[in-house]
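> give me a model of this one.
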Amino acid sequence: MTNFDELQARTKHFFDIDMQYKRGRNNLETGRIRIEYSMKICGRFNMVAPVLIKSIYGISHRLALQHLNKLVEKGYLALYKTDRAIDGRLYVLTNAGASYASELLSTAIPFRSQSEPSRQINHNSISHDLMNAYILLRGVNNFNKEGLYQSLWQGFVSEREFGRIYQNNDVRKVDGLVRECDDERTITAIEIENSYKNKNMRQTILLKLLYSLNNGIYDKVFMFSQRQDIFDDIKRFHKQLFEELPRVTSKNHHQARLSEDNINKLKRSIIFRTKFCEELQSIFYP
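A predicted model of the protein is given here:
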């Protein structure tokens, strides 16, 4: 039997990592802060790219490239060029970079010392993974309309970190967890939906989300996308499944796949967030 309380205790360290970007008192201090912050991004997301730091640091694309290339010169990062990334390039950790990032994050970072940069990347999910990292970092470094700092969440657990902690196949491997600023006791899962999925895939996701919600791994789910019509497609399948699954009996337990209480929980817990739709579309799908 999985001890989820013990696993949840392991997420506390990641929630407590400070990912708020703060400028230094002078250019020298700001430069050091940016080096450490970029290395923490790469350590937590397995990659870093100009698109992830331009808005956070408030710098141009050219300066973002200079900054990351400087980390390549220092031997901390390796450059991997790919058309699948919005910037045409990704930066991944070297052996020295993994050691440095491990120190900054106070956690071990798995690293295969002889692996090529291209082998450290999941080529089928580059766009999704960059959007995911952008949203998690963007939420920590959010500003209101008046330009005042107003974080949406205090901290997060990345998809990579979540997958290392929760290895049960019944658990929905979400794209991250966040601890919201206005409700520290609530753990919210983050799902980035940047592509269409068929009905069978939606059913599998729903049932795994339900299992995770029922076991207290997270309390609700925020869904983000760059397109409103992807949300509409998800809602259409959800409506169909909520009507069909109560009439389908589970082979193992001889009970309905979804009870009325479970349906209400899913409806209440899955929240579609349109806040970043236009922003994600303009940045990642120009």
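> chain center to stretch 152-164, what's the gap?
Its chain's C-alpha centre and that of stretch 152-164 lie 6 Å apart, by CA atoms, centre = their mean, to the nearest Å.
> i'd like the first residue to be 708 from this point on
OK, 708 is where the count begins now, so the last one is stretch 859-871.
> ok, residue 922 touching residue 715?
No: Residue 922 is beyond contact range of residue 715, at 9.8 Å (criterion: CB atoms under 8 Å). Any C-beta I mention is one placed from the backbone N, CA and C, and that applies to glycine too.
> after the lengthiest helix in the chain, which helix or strand is next? Please name it.
As assigned by DSSP state H, the longest helix anywhere in the chain is helix 734-752. Counting by DSSP states H and E, the next helix or strand C-terminal to helix 734-752 is helix 757-764.
> buried set for that following helix?
For helix 757-764, a neighbour-count test (16 or more other CB atoms under 10 Å) marks 757, 758, 759, 760, 761, 763, 764 as buried.
> spatially, which two of those are the most separated?
758 and 764 (11.8 Å; CB to CB).
> and stretch 811-830, average pLDDT?
In this model, stretch 811-830 has a mean pLDDT of 82.
> where along this structure do the helices fall?
Assigned by DSSP H, the helices in the chain fall at 711-722, 734-752, 757-764, 768-780, 802-812, 833-847, 866-872, 906-921, 935-951, 967-976, 984-991.
> in TSV: those helices, plus distance to residue 882.
Formatted as TSV, the helices of the chain follow (distance: least, CB to CB, whole Å):
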stretch	distance to residue 882
helix 711-722	14
helix 734-752	11
helix 757-764	15
helix 768-780	23
helix 802-812	19
helix 833-847	5
helix 866-872	5
helix 906-921	12
helix 935-951	14
helix 967-976	16
helix 984-991	13
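> tell me the most buried of these?
Greatest average neighbour count among the helices of the chain goes to helix 833-847 (a mean of 22), per mean count of other CB atoms under 10 Å.
> residue ranges with poor pLDDT in the stretch 858-993 of the chain?
Along the stretch 858-993 of the chain, the parts satisfying pLDDT under 70 run over 956-963.
> how about residue 717, nearest residue that isn't a chain neighbour?
Counting by CB to CB, 6 or more residues apart in numbering, the nearest residue to residue 717 once its immediate chain neighbours are dropped is residue 872, at 5.2 Å.
> what's the separation between that neighbour and residue 714?
Separation of residue 872 from residue 714 (CB to CB, to the nearest Å): 6 Å.
> these two touch, right, residue 974 and residue 949?
Yes: between residue 974 and residue 949 there is a contact under CB under 8 Å: 7.5 Å.
> give the residues shared as contacts by those two.
When contacts are counted by CB atoms under 8 Å, 6 or more residues apart in numbering, residue 974 and residue 949 have no shared neighbour.
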